[in-house]
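give me coordinates for this.
(one chain, ligands or ions: 2)
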Amino acid sequence: MLINVYVEYNRLRNTFTYSCDCHVEVGCRVRVEFNNRTLVGFVEEVDVESDFKNIKPVIEVIDEKPLLNNELKVLANYMADFYASSKVTCYKTMLPPALRPSSKHSKIIYEDYAILNDSDLPLTSRQKEVLEMFTYPCKMSELRKVSPSITKVLLDKGYITLEKRIKDSNTCVSEIADVTHSLTSEQVSAIETIRNTNKTVSLLHGVTGSGKTEVFLRLAEDVLSTGKQVLFLVPEIGLTPMMIQRVQARFKQKIAIYHSGLNAQEKLEQYNLVKYHKVDIVVGTRSACFMPFSSLGLILMDEEHDSSYKQDNTPRYHTRDIVLFRAAYHKCKVVLASATPSLESYARAYKNVYELIELKNRIHEMPEICLVDMKKERITNGLSETLLQAIHERLSKNEQVILLLNRRGYLPVIRCSDCGHVRICPDCGVALTYHKNQNALVCHCCGRQFPFMEECPSCHSKNYFKAGMGTERLEEQILEIFKDHHVVRMDADSTRRKNAHEKLLREFEESGDLLIGTQMVAKGLDFERVTLVGILNADATLCRNDYRASETAYEMLEQASGRSGRGKLKGQVMIQTFDPDHFVMRCVQMHDYKMFFNQEMRYRHLGMYPPYVYLCTLVFTHFDLQEAYKMARVAKSYFTSLRVLGPIEIRMQQKKHRVRLILKSKDDQLLHKLVRNYLDETKQVVDVNMHPIMMEE
Ligand SMILES: Nc1ncnc2c1ncn2[C@@H]1O[C@H](COP(=O)(O)OP(=O)(O)OP(=O)(O)O)[C@@H](O)[C@H]1O
Ligand SMILES: [Zn+2]
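Numbering: from 1, shown residues only. Ligands and ions are numbered 1, 2, ... in the order given. Now for the predicted structure:
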């Protein structure tokens, strides 16, 4: 039989024909020879005909059954088309790592178990005692902990035998008690509207702390009672413990969890729970949108504005697009929720494409926002007198404080005072940040570390100009000022370990006074004793060179503010800014999303930016900058019927120069068609980002 196979090779988008003697189905993986290499491919068609001579046989059929069901296959086609990427990359993205084309089951972790056997060889009384200490099968590691030498004797004498079993995963989070509230009238009418609307998508725009999660839980209850499955999406792994806890407490049934903190083993286990319909509820981040549901009844997407929902490597999909596809397939509803919806979603709701539901009131009171004008303040190490005073006050009342500084590490700016030398990452071309913990300079783009030298490598001077502040340094200072208080720091550095998010958040809840962190602490957290949120360096996001800078800044400030005063105690927020008159600051101060939306939409219209047009970026990469420019210019000449911005040089990556074009069009279909045609014709390697969110990448 002849079959057509997709292979993972460059960005090839077409199939190749092989012969196969044994049974194989569409969607199974096969090992084939391609260009003198052994590669893994996906069977796309079976029983095909071909006039080719020299058709090679497949080396091995890897799977007995197809890995993807019909829906997911159609979804892969859609993604390959929509995001202009190869189908194999889409398959790869959709599957858990253990099932990806190139992996054998090697990433699965096995554990040794001891199985009890009959034997009549003599044992000493101590050996007998150890043997009888356990109920079998038990983990070999437990036995060895008691005595490695006796374990060996028991094995040798045949009392126990060794069996390898897939290691149990550790995906559980600590349990909390369920609290069911009587609903507010706004919550009641939100639930009613979503139940009754004939629109697929509802946008739940509710101010921070308005009880959106309770609306989610009630809607989920409806759907679960009909035997269908529910998907809860959160943007970041840090937000999963809280959502899992609330869902678990309410529904008291097994749920599948899926996020980047799981290892290949655990991901496969959770994936299979859904595949074999052993669970009805999934809670997870971005990649959970590819779970193999059999009867999906509802998709709930929390913090829908969050940029983590967009994947930042090929295929650069947006979770919202995938969710809409899946909802159409399963004929189920989608609820997008946020206190700060993306302009795209709000504009759609405004035009009545989505059902718009507003929760205008917080369960308790909204916090009071104070803009601290840094031009007028006495500032000590980045902290204003006003903020310091407020922290003192809150801590003395045994209330909790969150401080947000969107920059990790110790010193962001470190420059030789004599020759001006700044250490730059040779791969990315950006200045390195000093991390005191490791006494090293770290690149925040690629993560590489470089030893910090007391002497300037260029002029051997020992005078450094040191400025700026990262979370590490802020923590040190806060500890110095508030000596007797418990400070918890949460940023990418302190959350590297498994389950670190959960542990740190629990630590803060139970005994913490101050939580210091990057934007990680701005989102979704719900601690009722937090009555002060301080935002340092609030202007930093506004300065970004990106058409979405205001939107990102507004989101972050409003979300961070929303962490204050969520319980009965009235909350306060202090935003340190050099520009208190900026419209973003004003909108945050008044908690006025609508005002922000209207103003920002005017800017977008003037500059012809989304949601008024659709964008696609093409990035060309080369060791030689001029070559990269040349490639971009050739490409630009292909798109004469579109508005094209660039070429312009952007940040380096892996020692290579990168040059970018931005394509703009009011006609999304035309944009897709032209990009696909171009990719089919060109031989150049190009990185395509359809509907990009961040331009600076
Ligand atoms: N009807 C209600 N009565 C009293 N308390 C409620 C009610 N609904 C929700 N709450 C409580 O209000 C708090 C805020 O709710 P929730 O976390 O769902 O807010 P949210 O709308 O998701 O806010 P954010 O956008 O800031 O995440 C929670 O502690 C929740 O238990
Ligand atoms: Zn780097």
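
was I right to think residue 349 contacts residue 197?
No. Using C-beta atoms under 8 Å, residue 349 is not in contact with residue 197; the gap is 11.5 Å. All C-beta atoms are positioned from the backbone trio N, CA, C, and that covers glycine.

mutual contacts of those two, please.
Common contact partners of residue 349 and residue 197 (C-beta atoms under 8 Å, 6 or more residues apart in numbering): residue 355.

who has more neighbours, these two?
residue 349 (22 against 14; other C-beta atoms under 10 Å).

quick check: that one is in a helix.
Yes. Assessed with DSSP: H, G, I helix; E, B strand; the rest coil, residue 349 lies in a helix.

tell me the spacing between it and ligand 2.
40 Å (C-beta to the ion, to the nearest Å).

mind listing what that residue touches?
Neighbour list for residue 349: 203, 205, 341, 355, 356 [criterion: C-beta under 8 Å, 6+ apart].

what ranges do the strands span in the stretch 1-150 of the chain?
In the stretch 1-150 of the chain, the strands defined using DSSP state E, counting those that start in this stretch lie at 2-7, 16-19, 29-34, 37-46, 60-61, 110-116, 138-139.

direction included, what does the fifth one pair up with?
Within its sheet, strand 60-61 is paired with strand 29-34 (antiparallel), according to DSSP bridges.

same question for the first one.
For strand 2-7, the paired strands and their directions (DSSP bridges) read strand 16-19 (antiparallel), strand 37-46 (antiparallel).

quick one: distance of the longest one to the chain centre.
The one in question is strand 37-46. Offset of strand 37-46 from its chain centre (C-alpha atoms, centre = their mean, to the nearest Å): 30 Å.

how about the strands of the stretch 1-150 of the chain, which one is nearest ligand 1?
strand 110-116 (38.0 Å; C-beta to the nearest ligand atom).

show me which residues of the protein sit near ligand 1.
Counting by C-beta under 6 Å from any ligand atom, the chain comes close to ligand 1 at 179, 181, 183-184, 187, 206, 208-214, 339, 363, 524, 526, 562, 566.

of the residues you listed, grab the buried ones for ChimeraX.
Only the buried entries of those go into this ChimeraX selection, using 16 or more other C-beta atoms under 10 Å:
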select :184,187,206,208,209,210,211,212,213,214,339,363,524,562,566
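
follow-up on the earlier one: so which of the strands of the stretch 1-150 of the chain gets nearest residue 694?
Each of these was scored for nearness to residue 694 using C-beta to C-beta, and the closest is strand 2-7 (29.8 Å).

what comes up buried for that closest one?
3, 4, 5, 6, 7.

state the mean pLDDT of that strand.
The average pLDDT for strand 2-7 rounds to 90.

over to stretch 420-429?
Mean predicted lDDT for stretch 420-429 stands at 88.

which strands and helices lie in contact with the helix or strand of the chain with the lowest mean pLDDT?
Every helix and strand of the chain was ranked by mean pLDDT, DSSP states H and E. The lowest is strand 160-166, at a mean of 81. If you count contacts as 3 or more C-beta pairs under 8 Å, 6 or more residues apart in numbering; DSSP states H and E, strand 160-166 packs onto strand 110-116, helix 148-156.

close to ligand 2, is the helix or strand where residue 645 lies?
Counting by DSSP states H and E, the element that carries residue 645 is strand 643-653. No. Applying C-beta under 5 Å from the ion, one finds strand 643-653 separated from ligand 2 by no less than 8.2 Å.

that strand packs against which elements?
strand 614-622, helix 625-638, strand 656-665.

now these in TSV, with mean neighbour count and mean pLDDT?
TSV is the format used below for the helices and strands packed on strand 643-653 (neighbours: other C-beta atoms under 10 Å; pLDDT from 0 to 100):
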stretch	mean neighbour count	mean pLDDT
strand 614-622	22	96
helix 625-638	16	96
strand 656-665	21	95
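
using TSV, lay out these together with distance to ligand 2.
Formatted as TSV, the helices and strands packed on strand 643-653 follow (distance: least, C-beta to the ion, whole Å):
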stretch	distance to ligand 2
strand 614-622	15
helix 625-638	18
strand 656-665	12
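
re earlier: kindly indicate which of the contacts of residue 349 lies nearest residue 430.
The closest of the contacts of residue 349 to residue 430 turns out to be residue 341 (C-beta to C-beta; 31.8 Å).

OK, contacts around the closest one?
Applying C-beta under 8 Å, 6+ apart, the residues contacting residue 341 are 203, 205, 304, 305, 349, 593.

hang on, the earlier thing: quick check: which of the strands paired with strand 2-7 is nearest to residue 680?
strand 16-19 (16.6 Å).

okay, and for the stretch 1-150 of the chain, where does confidence drop off?
10-13, 101-109 (pLDDT under 70).

mind listing the helices in it by residue range?
Using DSSP state H, counting those that start in this stretch, the helices of the stretch 1-150 of the chain run over residues 70-82, 87-94, 125-132, 140-146, 148-156.

tell me the most buried of these?
Comparing those by mean neighbour count (mean count of other C-beta atoms under 10 Å), helix 87-94 ranks first with a mean of 23.

just the CA atoms of that one, as PDB, please.
Output in PDB follows, covering the C-alpha atoms of helix 87-94 (Å, rounded to 0.1, in the frame of the first residue of the first chain):
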ATOM      1  CA  LYS A  87       1.200  20.900   9.500                       C
ATOM      2  CA  VAL A  88       3.800  18.900  11.400                       C
ATOM      3  CA  THR A  89       4.500  21.900  13.600                       C
ATOM      4  CA  CYS A  90       0.900  22.200  14.300                       C
ATOM      5  CA  TYR A  91       0.600  18.500  15.300                       C
ATOM      6  CA  LYS A  92       3.600  19.000  17.500                       C
ATOM      7  CA  THR A  93       2.100  21.900  19.200                       C
ATOM      8  CA  MET A  94      -1.200  20.100  19.800                       C
END
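
name the SS class of residue 674, please.
Residue 674 is classified as helix under three-state DSSP.

so how far is residue 686 from it?
13 Å (C-beta to C-beta, to the nearest Å).

can you list the domain ranges for the protein.
When the chain is parsed with automatic domain parsing, its domains come out as 2-106, 110-166, 185-359, 368-409+469-606, 614-690.
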